[in-house]
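Engineer: Build the 3D model from these lines:
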Amino acid sequence: MRDADVRERWRSARVALLAKEKALSRMRDEIAAERRALPRVPVEDYVFDAPAGKVTLSALFADKSQLIIYHFMLGPNAENPCKSCSFWAEHFDSIRVHLPHRDAELAVVSRAPIAKIEQVRERMGWRFPWVSSHASSFNQDFRVTFSKEQVGQKLYNFDTQDAWEGESPGLSAFERGEDGALFHTYSTYSRGLDVLNGTYQMIDLLPKGRNEGGKGMAWVRHKDRYEA
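Structural biologist: Numbering: from 1, shown residues only. Model (predicted):
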């Protein structure tokens, strides 16, 4: 087959795919509007452990009115950070340059003691704010930490998935009113976190795609653990 014929077949298929991509973009815009319209739920001003001492949820906003919290899987007894959460966290420092220009901040919360968190931060070279919820009910309230008694119950991802003991990943968004009141506006878990990973979004554009062979993220390593 001539190159011109192959190119024309490719273009025809690409234009057909473009129509689906446009429909998906419009659907995403509609979903984003519905997300923004969700009710605001009042929340307490949780207290966390930070390197310099105690810090409140409201302090994590800095001078902004919006806050993104990533629930990072690092439990009190963990020897290593979750490699999947680490994969996601590799993207955070780069976007934190831009978020304040849209009236937003980002922070990470884990249940490990702050000393353990600081060890991991130094190892990985991360700079984003990362605090410990070890002494609060924050993780349990936002359903990213489950007890042994809860294992197997459909409690994770809005009661759609079985819980497992310990830590689970997630993201929650918050808003601070002009009077200082704090509100929970959104949370997402499981595959809802997928769009946050810029590396995966790039890989999805390649001819082999994620090419994980049904093994999920078994290929992912901490960035300092990949073979040369």
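Engineer: from here on, contacts and neighbour counts on C-alpha atoms
Structural biologist: Noted.
Engineer: which SSE is the residue nearest to residue 54 when sequence neighbours are not counted in?
Structural biologist: Distances taken as C-alpha to C-alpha, 6 or more residues apart in numbering place residue 48 nearest to residue 54, at 5.7 Å, with adjacent residues excluded. Element membership of residue 48, judged by DSSP states H and E, is strand 47-50.
Engineer: which strand residues sit across from the residue nearest to residue 54 in the sheet?
Structural biologist: Assessed by DSSP bridges, residue 48 has beta-bridge partners residue 55.
Engineer: Look up the pLDDT of it for me, please.
Structural biologist: Residue 48 carries a pLDDT score of 98 in this model.
Engineer: For it, give its distance to residue 95.
Structural biologist: According to C-alpha to C-alpha, to the nearest Å, residue 48 and residue 95 sit 23 Å apart.
Engineer: now do residue 54
Structural biologist: From residue 54 to residue 95 the distance is 26 Å (C-alpha to C-alpha).
Engineer: What of residue 164?
Structural biologist: In terms of C-alpha to C-alpha, residue 164 sits 31 Å off from residue 95.
Engineer: Between these two, tell me which one has more neighbours.
Structural biologist: For residue 164 versus residue 95, neighbours defined as other C-alpha atoms under 10 Å are more numerous around residue 164 (20 against 12).
Engineer: If you drop the residues flanking it in sequence, what lies closest to the more buried one?
Structural biologist: residue 151 is the one closest to residue 164 (C-alpha to C-alpha, 6+ apart), at 4.7 Å.
Engineer: Give me the distance from stretch 151-171 to the chain's centre.
Structural biologist: Its chain's average C-alpha position is 15 Å from that of stretch 151-171, according to C-alpha atoms, centre = their mean, to the nearest Å.
Engineer: in the longest helix along the chain, what's buried?
Structural biologist: The single longest helix within the chain, with elements called by DSSP state H, is helix 3-36. Within helix 3-36, no residue is scored as buried using 16 or more other C-alpha atoms under 10 Å.
Engineer: how far out from the middle of the chain is that helix?
Structural biologist: Centre-to-centre, helix 3-36 and its host chain are 26 Å apart (C-alpha atoms, centre = their mean).
Engineer: Just after it, pick out the following helix or strand.
Structural biologist: As assigned by DSSP H and E, the chain's next helix or strand after helix 3-36 is strand 41-42.
Engineer: And the contacts of stretch 2-17?
Structural biologist: Contact with stretch 2-17 is made by no outside residue, as judged by C-alpha atoms under 8 Å, 6 or more residues apart in numbering.
Engineer: Please renumber the chain so that the first residue is 40 from this point on.
Structural biologist: In the new numbering, first residue 40, that becomes stretch 41-56.
Engineer: Just the strands from this protein, written as ranges.
Structural biologist: Remark: strands assigned in the chain by DSSP state E are 80-81, 86-89, 92-95, 105-110, 143-149, 169-171, 184-185, 193-195, 200-201, 205-206, 209-215, 221-228.
Engineer: out of those, deepest packed?
Structural biologist: Most buried of the strands of the chain by mean neighbour count (mean count of other C-alpha atoms under 10 Å) is strand 169-171; its value is a mean of 27.
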